[in-house]
Structure formats: structure tokens, C-alpha cells
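Peer 1: Could you look at this predicted model? Sequence included:
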Amino acid sequence: MKTDILTRSFLRVLVLAFLVLGSITTSAFAADIGRIKKAKGPAFVERAGERISAEPGLPIETHDVLVTEAGGRIAVTFADNSRYSVGPKSRISLDSFEFDTTSHKGVFETSVESGTVAIISGQIAKKTPDAMKVRTPTSILGVRGTRFVVEVGQ
Amino acid sequence: MIARLLLIVVTGIGLAACAQDRVVLLPNPDGSSSGAVAVLDAESGAEQAVISESNTEAKLGGGSVKTATLGAEAVGERYGGLIEGLPKAPSLYTLYFKEGTAEVTDASRLELATLLAEVNERSGAEVQVTGHTDTVGKAEDNDALSIRRAEEVAAMLVRVGLSEDLIVTAGRGERELVVETADSVDEPRNRRVVVTVR
């Protein structure tokens, strides 16, 4: 009887430990979609209403907005090897990013609210044409494995 | 009345902002064509145009999409700084193993030294370790095996001094063969781990 309770509580602790560990690793994977490689101020990452100064090595998350003022620049490489160069006076919103490293299937959607960005697409666009999309205020661009610049009214 | 005036002003601003929206296709560094971008209608998703020629632009908004050839010089003048600002291309290192072990070959040991030096040099560096298998065995088993191989290499990279925070692992199973073979073919060149330094 006693051992039974002990075993049960031990199991409970085990299950709890797995749940906690599991949620930690999952959130770590889900959160980090890329990293800043270069930054020149004034340049920021807007995350949940806060402004974080853009620095090389800073992990980037879904829903981040890359923001630069006059003279600012940000360069980011994403988990699927896509590369972005954000020019001065820009707001680039990273709306969604999902990438399966085993199958290379995924979705990558960015909105260019204003300013300029040079993009080299990566494995998501290579695997599935149009899975990578870039929105401007008037259009949607479907990316079919390429390098391009998007400029929105300055 | 005021509402109508406001609407006209807002529409006017909207149109002025849209007038300069554009997408410009760039060539590969060697000058060859890099692919294509489709312009889709924001509402319906219908394809309005596809640009596939390098150094060509498409002006967006205002109903129709107008394309124009800019030429390499004009593109360089306008976007040279932006293009130069792109992150360095990721580097790939392929490591091979002594048969039936998780120990890298002597040749791969040299690769490893170059790899570590590059991680230290790169600004904001990170590392992805991707395992691959040959076609022996079931596809699902190979997915698991390829991840195991990647994790072994990741652990080895941590032992030689890389920070765990910089490393992610992945397994591609038998999806990306270096040497194309039929199913169930023992091919050492396909049993490898590729380390991407980004």
C-alpha cells in the first residue's frame, strides 16, 4: 500500500518533469526563427510592444517587427537559410514562420509596411513555390526561389 | 461632407504611397537568373504578373502591374548598399564517419578545425547539424537514425568548445542523397552529417 503511493507520487513527479522539459524544448524551438547577423543604428526589433536594440546574435521570433530609422540597417539569416537585408527607414513585420527541418515544408510570411528589404529566399521557397510570401500594402508576392528587393513608398 | 473630404484625402495619401511600391528581381552573384517572383492580387490571390528576368522591376498597386527593365547599373546604383548589407551565405561542412562508429574520419577532423574557426569569426554565428542516411532500412527508421547521428555530432561539437546555445540539430533521413541510389543500397557517401554555419 505504502509503496503503491510512493510509486504513484514518483510517477507523478516523473510525468511532471517530462511535461516541464517538453514544454521548455518546444518553446525554445518555436521561438527562435533566425538571428541578427549585422546591425547599424538606429535599428530595433519590436517585440510585444517593446523595442529591443538590434545587435548581432540577437535571436528573432515570429511576430517581431524589424525597424530602422534614417541610416539604420539590419541583416538577418533565418532557420531555412533565407537572408534579409533591411534598409534605412523601414518597418518589416515577420508575420509567420514555420519550418520542418526534416521535410523542408514550411510557411514564411513577411509584410513590408514601409522602406526597403533585399531578400534571398531559402529552403521553404525551394521546397514549395509560393510558401514564402511578401506582402506590400497593395499586393502579395509569391516567391519562387530567388533574390529580390521590395520597396514600399518612401 | 467632412467625412467625404477625409476619405478623399486618405485615398490620396494611399495612392501617393502606393505609387512607388515595387519589386526588383536580382541576378545570382555570377550574373545568372535567380528564379521568379509572382505578383498576386492582395484580395483574390489571383496571379497578376510573374517577373523572371534579372534587373527587372514590377511596379505594384493601382490595378495593373507594370514591368520595366532597369539594367544592372541602375539596380547597383539604387540598391548597392542594401545588397551589400545581406548576411554572408551559410557555409556547409560535411563530416564522414569511420564505419559503424560515431567517430569522424581523419579527413573530417581537419574540416572540424576550419569549422570551429569560422564560428568564432562570423558575426552572430549559429550552427545547424543535419544528419543524413543511405537508403538501407525503412524511411522512418532512417529519419530517427539521421537525427541520432546529428545529436552525436552536436555533442562532439560541444565537447570541443562550441556553446550549446548556438547549435540546433535536424535529420533529413534519406531525402537528400549525395549519390543517387535505388532503395536498400549501402552507400558510405550518403551516411554523413552536414554542419551549416550561418
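Peer 2: Thanks, I have the structure now.

Peer 1: Distance check, the closest residue in space to B:Glu187 that isn't next to it in sequence against A:Ser111.
Peer 2: Nearest residue to B:Glu187, sequence neighbours excluded (C-beta to C-beta, 6 or more residues apart in numbering or on different chains): B:Asp134, at 4.4 Å. From N, CA and C alone the C-beta is placed, and that goes for glycine too. Distance check for B:Asp134 against A:Ser111: by C-beta to C-beta, to the nearest Å, it reads 43 Å.

Peer 1: In chain A, where is pLDDT below threshold?
Peer 2: Low-confidence segments of chain A (pLDDT under 70): A:1-31, A:154.

Peer 1: Would you map out the domains in it?
Peer 2: A:1-31, A:34-152 (automatic domain parsing).

Peer 1: Now the longest strand along chain A - C-alpha only, CSV.
Peer 2: Counting residues, the longest strand found in chain A (DSSP state E) is strand A:106-120. Output in CSV follows, covering the C-alpha atoms of strand A:106-120 (Å, rounded to 0.1, in the frame of the first residue of the first chain):
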residue,chain,number,x,y,z
GLY,A,106,7.0,25.4,-44.3
VAL,A,107,5.4,28.8,-44.4
PHE,A,108,7.1,32.2,-44.3
GLU,A,109,5.1,35.4,-44.5
THR,A,110,6.5,38.9,-44.2
SER,A,111,4.9,42.3,-44.5
VAL,A,112,6.9,45.3,-45.8
GLU,A,113,5.0,48.1,-44.1
SER,A,114,7.5,50.7,-45.3
GLY,A,115,11.0,51.0,-46.6
THR,A,116,13.2,48.5,-48.4
VAL,A,117,14.4,44.9,-47.9
ALA,A,118,16.6,42.7,-50.1
ILE,A,119,15.7,39.0,-49.8
ILE,A,120,17.5,35.8,-50.7
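
Peer 1: Which elements pack onto that strand?
Peer 2: Contact here means 3 or more C-beta pairs under 8 Å, 6 or more residues apart in numbering or on different chains; DSSP states H and E; on that basis strand A:106-120 packs against strand A:83-86, strand A:90-99, helix A:123-127, strand A:132-135, strand A:147-152, helix B:72-84.

Peer 1: hmm, 6 Å instead?
Peer 2: Counting by 3 or more C-beta pairs under 6 Å, 6 or more residues apart in numbering or on different chains; DSSP states H and E, the packing neighbours recorded for strand A:106-120 are strand A:83-86, strand A:90-99, strand A:132-135, strand A:147-152, helix B:72-84.

Peer 1: In TSV: these, plus mean neighbour count and distance to B:Ala42.
Peer 2: What follows is the helices and strands packed on strand A:106-120, written out as TSV (neighbours: other C-beta atoms under 10 Å in any protein chain shown; distance: least, C-beta to C-beta, whole Å):
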stretch	mean neighbour count	distance to B:Ala42
strand A:83-86	24	21
strand A:90-99	20	14
strand A:132-135	23	7
strand A:147-152	24	13
helix B:72-84	15	24
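
Peer 1: tell me the angle of the host helix or strand of B:Val39 relative to strand A:106-120?
Peer 2: In this assignment (DSSP states H and E), B:Val39 forms part of strand B:36-41. Computed by axes from the mean of the first three to the mean of the last three C-alpha atoms, to 10 degrees, the angle separating strand B:36-41 from strand A:106-120 equals 110 degrees.

Peer 1: Does A:Glu69 touch A:Ala43 like I think?
Peer 2: No - distance between A:Glu69 and A:Ala43: 7.6 Å, which falls outside the contact criterion (C-beta atoms under 6 Å).

Peer 1: For B:Asp134 and A:Ser111, work out which one has more neighbours and name it.
Peer 2: B:Asp134 (22 against 17; other C-beta atoms under 10 Å in any protein chain shown).

Peer 1: Please identify the most buried of the domains of chain A.
Peer 2: Among the domains of chain A, domain A:34-152 has the highest mean neighbour count (mean count of other C-beta atoms under 10 Å in any protein chain shown), at a mean of 20.

Peer 1: now it: how far from the chain's centre is it?
Peer 2: Counting by C-alpha atoms, centre = their mean, to the nearest Å, domain A:34-152 is centred 7 Å from the centre of its parent chain.

Peer 1: Give me every residue in chain B lying close to chain A.
Peer 2: Residues of chain B found near chain A (C-beta under 6 Å from any C-beta of the partner chain) are B:17-18, B:20-26, B:34-40, B:42, B:60-61, B:79, B:82-83, B:85-87, B:90, B:123-124, B:126, B:170-171, B:198.

Peer 1: ok, back up a step: what residues are up against the residue nearest to B:Glu187?
Peer 2: Shown in contact with B:Asp134 (C-beta atoms under 6 Å, 6 or more residues apart in numbering or on different chains): B:187, B:190-191.

Peer 1: same question, A:Leu141
Peer 2: A:134, B:23, B:37.

Peer 1: Leaving out the residues flanking it, which one is nearest to it?
Peer 2: Residue nearest to A:Leu141 in three dimensions, not counting chain neighbours: A:Val134, with 4.4 Å by C-beta to C-beta, 6+ apart.

Peer 1: same question, B:Val119
Peer 2: B:Ala125 (4.8 Å).

Peer 1: What residues of the helix or strand following the strand holding B:Val39 count as buried?
Peer 2: For strand B:36-41, the following helix or strand on the C-terminal side (DSSP H and E) is strand B:47-51. Residues of strand B:47-51 classed as buried: B:48-49, B:51 (neighbour count, 16 or more other C-beta atoms under 10 Å in any protein chain shown).
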